[in-house]
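A.B. asks: Take a look and give me a structure for this.
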Amino acid sequence: MANGHPNRTLREIVRVIASRFVGMVAILAIVLAATAAATYYAPRWYRSEVSLLATPPENLNPLEEKAATLHDRLSLFVVTQREIITSDHVLGWALMKLEGRTPQGSPAAGTRPARGPAPEFSDEQIQDYIKTHEQQMQDARERVSVVTPGGPETTFTESFTIRVDWPENRKEAAVRGEASASLAARQTRELAQHVMDAYLARYTELESRRMRSSSDFLTHGALAAAKARLDEATADLGDFIKNELKGELLQVVSMVGRTSVGGETGVASLTTRFRGELTSIEERLSAVRALRLAIERELAKRPPAELAVPDAVTANSTTIPLLQKKIVELKMQLGALQSRYTDGYQEIQNVKAELVSAASDLRSELTLQQTKLEQEIATLTAQRDTLARTVAEDRARVEALAGKATVYQKLASEADNAQKIYDAEQKRAVDGLTAERLAAAKPILVTPLDAPSWPAPSHPRRPVFWLNMVIALAAGLVLALVYAFLADHFDHSIKSIDGAERYLGVPVVGSVPRLGRIVVTPGGQD
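C.D. replies: Prediction:
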């Protein structure tokens, strides 16, 4: 029942629950039944996993950094393999195999990998499938993942797992006349197998291409190509200096080499190097002017004893604080004397004379500070004007040389990069065992540790029946309680003694309990 009391007694809560118990049980039963039905009819998901082991080779690829550690090489390898496994090429190959498609023709000559399982579908077939089955590819990207020990961010590991989560398809099972759970479990395991086969084939193919590219790179003279690029870059820089810069080389080099505090380099630093100083001078000039104006206002006051010295002036002077202290002491002394004597008393006259003298000295000191501030304003103004002219001159010079400096910086950077590339290639070429090590180099060997796991048709990964029922039970209880208290809130009938007292505003003298049996009087009547 609705009332003005926000709190309910325990008896009222029990009464509300008891009066709405049937409805609460009905709501709870409906929620549980709906959840059970939804869980039963929801598609079941199954999981299959296959673990693989990556064994690093003893020989390194000579094109890799010799100082690369095992940690760096394995980390880069695991990241790369994750991208290969979840690539459209591998997923498309696996889906085509799962659907039972047959290859159209044979791969072109020379495209088969040196070892490992050969891909059964051509690149053209896989690309056509990817273009025409976008939804299937999107589903596969979400359902196929690569798991490493320690979480997805862990890359320093020699083992990783291909995981496939696949739902049942009851329509397809009905067409095939097979139990949907068994079909889904089998398809999950087959897809994991196809993904593993496609990955091994793709990895072997890519490794073969990489080794051939490395061999061709060295065979066609990487060092000669680097030397040609260096000569070309050096010649371009020399021609530009000779024909374009002439007598302006030092200025341009100075412009390119400058670096400002904010990180600007080259010509831009010339136009900003004095901005900080200009800003500082402007701020100080404004403060000094404001201070001078405050002193002028104080000096215009009459009588002089009422002068109020600005704090900034007091902080920069050793005399003013002493004068202020003396004036305060004299005023206190004068106040004490005036409370006991008349103004004609000689000591009062002496204190007043000292007070006037101290105020005059304070005024003179303020005048002196004003003069110093005017001198500082003149000095700051001159510095500001000088810096402004310097910035204007630098800006004009930058505008005249900006284009040439940019070109020079670009050519110098290209020449420097070409020199670094040539030095690196020369260092590699010094090793007389490069060709032999290239021939002996092996890729990281990837080996399946076991076959893809078989999902149990009677134990899907999800939905989990007991977990859903626990959640439904909690939700049903909450809904039932909400129903009970909302129904009682909008029910305005009187059902208890407490409700009658609150609603009528009078105490209950007595109540007649409801009896569950018939009472027979002595006269024989009910």
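A.B. asks: Quick one: residues contacting the residue lying closest to Ser182 once chain neighbours are set aside.
C.D. replies: Counting by Cβ to Cβ, 6 or more residues apart in numbering, Ser182 lies nearest to Pro457, which is 4.7 Å off, once chain neighbours are set aside. The C-beta positions use only the backbone N, C-alpha and C, and glycine is treated the same way. Listed by Cβ atoms under 8 Å, 6 or more residues apart in numbering, the contact set of Pro457 reads 46, 179, 181-182, 184-185.
A.B. asks: quick one: Pro457 is in a strand?
C.D. replies: No. Under DSSP: H, G, I helix; E, B strand; the rest coil, Pro457 sits outside any strand and is assigned coil.
A.B. asks: Would you check which pair of the contacts of Pro457 lies furthest apart?
C.D. replies: Farthest pair in those (Cβ to Cβ) is Tyr46 and Ala179. Separation: 12.7 Å.
A.B. asks: okay, those two: which has more neighbours?
C.D. replies: Taking other Cβ atoms under 10 Å, Tyr46 and Ala179 do not tie; Tyr46 has more neighbours (25 against 13).
A.B. asks: so what secondary structure elements neighbour the helix or strand hosting that one?
C.D. replies: Taking DSSP states H and E as the criterion, Tyr46 maps to strand 45-55. Strand 45-55 sits against helix 70-85, strand 159-167, helix 180-219, strand 445-448, with contacts defined as 3 or more Cβ pairs under 8 Å, 6 or more residues apart in numbering; DSSP states H and E.
A.B. asks: Deepest-packed of those, please.
C.D. replies: Stretch with highest mean neighbour count among those: strand 159-167 (a mean of 21; mean count of other Cβ atoms under 10 Å).
A.B. asks: contact partners of it?
C.D. replies: Contacting residues not belonging to strand 159-167 are listed as 43-54, 78, 81-82, 85, 143-149, 184, 187-188, 191-192, 195-196, 199, 449, 452, 461 [Cβ under 8 Å, 6+ apart].
A.B. asks: please redo it, this time with the cut-off set to 6 Å
C.D. replies: 43, 45-51, 53, 143-148, 187-188, 191-192, 195-196 (Cβ atoms under 6 Å, 6 or more residues apart in numbering).
A.B. asks: Would you pull up how far the helix or strand harbouring Ile13 lies from the middle of the chain?
C.D. replies: Assessed by DSSP H and E, Ile13 sits inside helix 10-19. Here helix 10-19 shows a centroid-to-chain-centroid distance of 52 Å under the convention Cα atoms, centre = their mean, to the nearest Å.
A.B. asks: for stretch 449-459, same thing?
C.D. replies: Between the centre of stretch 449-459 and the centre of its chain there are 38 Å (Cα atoms, centre = their mean).
A.B. asks: what's the answer for stretch 41-55, then?
C.D. replies: The chain centre lies 31 Å from the centre of stretch 41-55; the measure is Cα atoms, centre = their mean.
A.B. asks: What of stretch 13-27?
C.D. replies: 50 Å.
A.B. asks: outside of it, which residues touch it?
C.D. replies: Outside stretch 13-27, the residues that touch it by Cβ under 6 Å, 6+ apart are 479-480, 483-484, 487-488.
A.B. asks: Now intersect the residues you listed with the helices, please.
C.D. replies: Of those, the ones assigned to helices by DSSP state H are 479-480, 483-484, 487-488.
A.B. asks: Name the member of the residues you listed that has the highest neighbour count.
C.D. replies: Of all the ones in helices among the contacts of stretch 13-27, Ala480 has the most neighbours under the rule other Cβ under 10 Å, reaching 22 neighbours.
A.B. asks: Is the closest residue in space to it that isn't next to it in sequence in a helix, a strand, or coil?
C.D. replies: Spatially, and ignoring its direct neighbours in sequence, Ala480 is nearest to Met24 (3.6 Å; Cβ to Cβ, 6+ apart). Put simply, Met24 is helix when judged by three-state DSSP.
A.B. asks: How many residues are close by Met24?
C.D. replies: Close neighbours of Met24, defined as other Cβ under 10 Å, add up to 22.
A.B. asks: Would you mind stating the distance between Ser145 and Ile85?
C.D. replies: 9 Å (Cβ to Cβ, to the nearest Å).
A.B. asks: Look at Glu178 and say how many residues are nearby.
C.D. replies: Residues near Glu178, counting by other Cβ under 10 Å, number 13.
A.B. asks: just Val509 next, same as before
C.D. replies: Other residues lying near Val509 total 5 when counted by other Cβ under 10 Å.
A.B. asks: lowest confidence element among the helices and strands of the chain?
C.D. replies: Counting by mean pLDDT, DSSP states H and E, the chain has its least confident helix or strand at helix 434-440, which shows a mean of 48.
A.B. asks: Poorly predicted segments of the stretch 401-526 of the chain, please.
C.D. replies: Along the stretch 401-526 of the chain, the parts satisfying pLDDT under 70 run over 401-402, 427-444, 492, 494-496, 499, 512-526.
A.B. asks: so where do the helices sit in it?
C.D. replies: Using DSSP state H, counting those that start in this stretch, the helices of the stretch 401-526 of the chain run over 434-440, 465-489, 497-504.
A.B. asks: now the angle between helix 10-19 and the second one, please.
C.D. replies: Going back to what we said before, that points to helix 465-489. Angle, helix 465-489 to helix 10-19, by axes from the mean of the first three to the mean of the last three Cα atoms, to 10 degrees: 110 degrees.
A.B. asks: what's helix 465-489 in contact with?
C.D. replies: Against helix 465-489 from outside (Cβ under 6 Å, 6+ apart): 2, 16-17, 20, 24, 27-28, 31-32, 35, 39.
A.B. asks: same thing but 8 Å
C.D. replies: Defining contact as Cβ under 8 Å, 6+ apart, one finds that helix 465-489 is touched by 1-2, 16-17, 19-20, 23-25, 27-32, 34-36, 38-39.
A.B. asks: Now list the buried members of these.
C.D. replies: Among those, those buried by neighbour count (16 or more other Cβ atoms under 10 Å) are 1, 16, 20, 24, 27-28, 31-32, 35, 39.
A.B. asks: Return the subset of the residues you listed lying in helices.
C.D. replies: Per DSSP H, the buried ones among the contacts of helix 465-489 map to helices at 16, 24, 27-28, 31-32, 35, 39.
A.B. asks: Asp139 and Val164, how far apart?
C.D. replies: Using Cβ to Cβ, we find Asp139 at a distance of 11 Å from Val164.
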